[in-house]
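> no letters, just coordinates:
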């Protein structure tokens, strides 16, 4: 394998995942992945106890904002067209807060099940959409996942440490004529949708798929592709995100496979993504340097902040506190500095606020001025 990039983070205390890894490419098939030191139990702990998807207000997967809701509605339309039988048994593995299941329910599907490692997500799915849900994960599916007509695995496989084992678990839960719907980020188009430096090299994403590598994986696991397409998602208003998806079914026994599909230009696209991300990170470092002699707040404890703390002058800043809107993070700490709720700022010193997000900076700025009515100096990174 060839090392393409080393990614480093500064993570909250008690975070179970590694704070660095190499992004590597297989020399034979050119598959790109994070060569992580984390093991299966580390990732299980993260998704069950530290999942960012539990908060309906800040996470995707539950239709909690207009862009996420539109994404889920379009996916439900696509699934409905592929599988028109409303009595079909459908399971959404990695269902987050159940938004896709709610959309399918509104289209008349009556045999639905959500599966997620987070107990909070399971409770949200039941409460928000009145859809059955069980705690579990790809390698530990609940007993209810049997003889499924369609298993939906959307934006999950990029998080999986052992892909072949995961697909084998999916195969075991399908009915004889069952199908898989798989959707993942499209790594061949990362460079086209670059909103924040190294946004796709984060602590959660292990695997970086192209259409070719997804087909290769599924063929190796005994599945044929019925349809492979690409799409653009709008995860936040005006911020596109590349994805690809496919429907798969079991291949007939004894089918001989040809050579693996290899997209030779993918390596060039990833290297261009790394080069452009590095340039953006350097520009952010230069902008931050003029604001850091004095104490500051850092608003946002997501992936970009983790990288800035490891790779820029923010590592030596006098950070008074971290601010985050997700209640899951309140009370934790990073480098000994506590993560607090936005409302706490009203009783704290009037230090400069650095917004550690390039995806949500406009909404955060508006919240600071219009909701909290604060007059702190606000620094954005765009």
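Ah, there it is. Source: prediction; values computed, not measured.
> give me the below-cutoff pLDDT ranges for the stretch 201-350 of the chain.
254-258 (pLDDT under 70).
> can you give me the strands in it?
Assignment of strands within the stretch 201-350 of the chain using DSSP state E, counting those that start in this stretch yields the ranges 207-208, 223-236, 239-250, 296-299, 319-323, 333-334, 337-340.
> turn those into CSV, including distance to residue 42 and mean neighbour count.
For glycine as for every other residue, the C-beta is placed from the backbone atoms N, C-alpha and C. Below are the strands of the stretch 201-350 of the chain laid out as CSV (distance: least, Cβ to Cβ, whole Å; neighbours: other Cβ atoms under 10 Å):
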stretch, distance to residue 42, mean neighbour count
strand 207-208, 16, 22
strand 223-236, 26, 16
strand 239-250, 26, 19
strand 296-299, 26, 25
strand 319-323, 23, 22
strand 333-334, 19, 18
strand 337-340, 21, 16
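> got TSV for the ones you listed, with distance to residue 19 too?
Shown next, in TSV, are these (distance: least, Cβ to Cβ, whole Å):
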stretch	distance to residue 19
strand 207-208	19
strand 223-236	25
strand 239-250	25
strand 296-299	17
strand 319-323	16
strand 333-334	11
strand 337-340	16
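> of those strands, which is nearest residue 11?
With Cβ to Cβ, the closest approach to residue 11 among the strands of the stretch 201-350 of the chain belongs to strand 333-334: 7.3 Å.
> which of the strands of the stretch 201-350 of the chain sits closest to residue 113?
Of all those, strand 239-250 comes closest under Cβ to Cβ, at 18.9 Å.
> one step back: indicate which one of the strands of the stretch 201-350 of the chain is closest to residue 127.
Nearest of these (Cβ to Cβ): strand 223-236, 24.0 Å.
> show me the contacts for residue 138.
93, 153, 156, 160, 165, 166, 169, 170 (Cβ atoms under 8 Å, 6 or more residues apart in numbering).
> out of the residues you listed, which are buried?
93, 153, 156, 160, 166, 169, 170 (16 or more other Cβ atoms under 10 Å).
> residue 22: which of those residues is nearest?
Checking these against residue 22 by Cβ to Cβ gives residue 160 as the nearest, at 18.1 Å.
> name the element the residue lying closest to that closest one once chain neighbours are set aside belongs to?
In space, and not counting its chain neighbours, residue 160 is closest to residue 166: 4.7 Å by Cβ to Cβ, 6 or more residues apart in numbering. Residue 166 belongs to helix 163-173 when elements are defined using DSSP states H and E.
> need the next SSE after that helix, C-terminal direction.
Per DSSP H and E, helix 163-173 leads on to strand 174-185 as the next helix or strand towards the C-terminus.
> other SSEs contacting that next one?
helix 66-82, strand 148-154, helix 211-220, strand 239-250 (3 or more Cβ pairs under 8 Å, 6 or more residues apart in numbering; DSSP states H and E).
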